[in-house]
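Novice: here is a sequence together with a model predicted from it:
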Amino acid sequence: ILNVEQSPQSLHVQEGDSTNFTCSFPSSNFYALHWYRWETAKSPEALFVMTLNGDEKKKGRISATLNTKEGYSYLYIKGSQPEDSATYLCAFSRGGSEKLVFGKGMKLTVNP
Amino acid sequence: ETGVTQSPTHLIKTRGQQVTLRCSSQSGHNTVSWYQQALGQGPQFIFQYYREEENGRGNFPPRFSGLQFPNYSSELNVNALELDDSALYLCASSRGPLGRDGYTFGSGTRLTVV
């Protein structure tokens, strides 16, 4: 059974706070780790696709790191803004597999 | 690039009925994957179509079936609807079945079975 765990499940922060979330996944036969940002009533928006151990990717104030040997990825948001409020999903895929296995998501609320 | 569109956005069906959900993939993407998201859960993989053939299936019964057409459109069909089929259904297109460049998702169809 493949399990992807995300923590925390929800987070309320004040504008300007920095946040980080964790995604844990099985480390064997790793292929890729995806991060998505999902606002209510919209499509999940791709943030990062990470494939190499030690990868670090950045998009504006959002960055992510990947450790495939121990099976975790961190997502950081620096100086959170109200528009960062969304659910952040991570999804993992194994080598040769066409399916993404998703975590339950982490709901972030940034209060002005 | 026009993204992925899904129709309808919402649907109410009665138990035992059949339903067809539609997806229009991003231009140039030859692969479409379908996911079911039940309340409080992450999206679960239903199946994938690559070049109009089923290319992998999750733990869903045969009453879930699909089609992919050459014009970047695709369908998810569910027969003999059950109450537990109530969920958000997402389609995602990609350039290739392994999605190494990422998947582009639609905003989903919310199906309610009563």
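Specialist: On my side now, so go ahead. None of these values were measured; they are calculated from a predicted model.

Novice: now do whichever residue of chain A sits closest to chain B against residue A:86, distance only.
Specialist: Using Cβ to the nearest Cβ, the closest approach of chain A to chain B is made by residue A:102 at 3.4 Å. Heads up, the C-betas are built off the backbone N, CA and C, glycines and all. Look at residue A:102 and residue A:86: by Cβ to Cβ, to the nearest Å, they are 15 Å apart.

Novice: cool, and residue B:86?
Specialist: The spacing between residue B:86 and residue A:86, counted by Cβ to Cβ, is 24 Å.

Novice: any idea what the residue of chain A closest to chain B is bridged to?
Specialist: Beta bridges link residue A:102 to residue A:91 when assigned by DSSP bridges.

Novice: which residues touch it?
Specialist: A:4, A:89-91, B:35, B:42-44 (Cβ atoms under 8 Å, 6 or more residues apart in numbering or on different chains).

Novice: ok, now with 10 Å
Specialist: In this structure, residue A:102 makes contact with A:4, A:6, A:23, A:34, A:36, A:44, A:89-92, B:35, B:37, B:41-45, judged by Cβ atoms under 10 Å, 6 or more residues apart in numbering or on different chains.

Novice: how about residue B:55?
Specialist: Residue B:55 makes contact with A:98-99, B:31-33, B:47-49, B:68, B:97, according to Cβ under 10 Å, 6+ apart.

Novice: redo that, cut-off 7 Å
Specialist: With contacts defined as Cβ atoms under 7 Å, 6 or more residues apart in numbering or on different chains, residue B:55 is in contact with A:98, B:48-49, B:97.

Novice: just residue B:6 next, same as before
Specialist: Taking Cβ under 7 Å, 6+ apart as the test, what residue B:6 contacts is B:21-23, B:91, B:106-109.

Novice: just the pLDDT at the closest residue to residue A:100 other than its chain neighbours, thanks.
Specialist: In space, and not counting its chain neighbours, residue A:100 is closest to residue A:91: 3.9 Å by Cβ to Cβ, 6 or more residues apart in numbering or on different chains. The model reports residue A:91 with a pLDDT of 96.

Novice: surely residue A:91 and residue A:32 touch.
Specialist: No - using Cβ atoms under 7 Å, residue A:91 is not in contact with residue A:32; the gap is 8.6 Å.

Novice: the more surrounded of the two?
Specialist: Neighbour tally, residue A:91 and residue A:32, criterion other Cβ atoms under 10 Å in any protein chain shown: the higher count belongs to residue A:91, 25 against 22.

Novice: just the buried ones from the contacts of residue B:55?
Specialist: A:98, B:48-49, B:97 (16 or more other Cβ atoms under 10 Å in any protein chain shown).

Novice: show me these that map onto strands.
Specialist: The members of the buried ones among the contacts of residue B:55 that map onto strands under DSSP state E are B:48-49.

Novice: just the buried ones among the contacts of residue B:55 now: which is nearest residue B:16?
Specialist: residue B:49 (26.2 Å; Cβ to Cβ).

Novice: mind listing what's buried along the strand or helix carrying residue A:32?
Specialist: Assigned by DSSP states H and E, residue A:32 belongs to strand A:30-38. By neighbour count on 16+ other Cβ under 10 Å, the buried set for strand A:30-38 is A:30, A:32-38.
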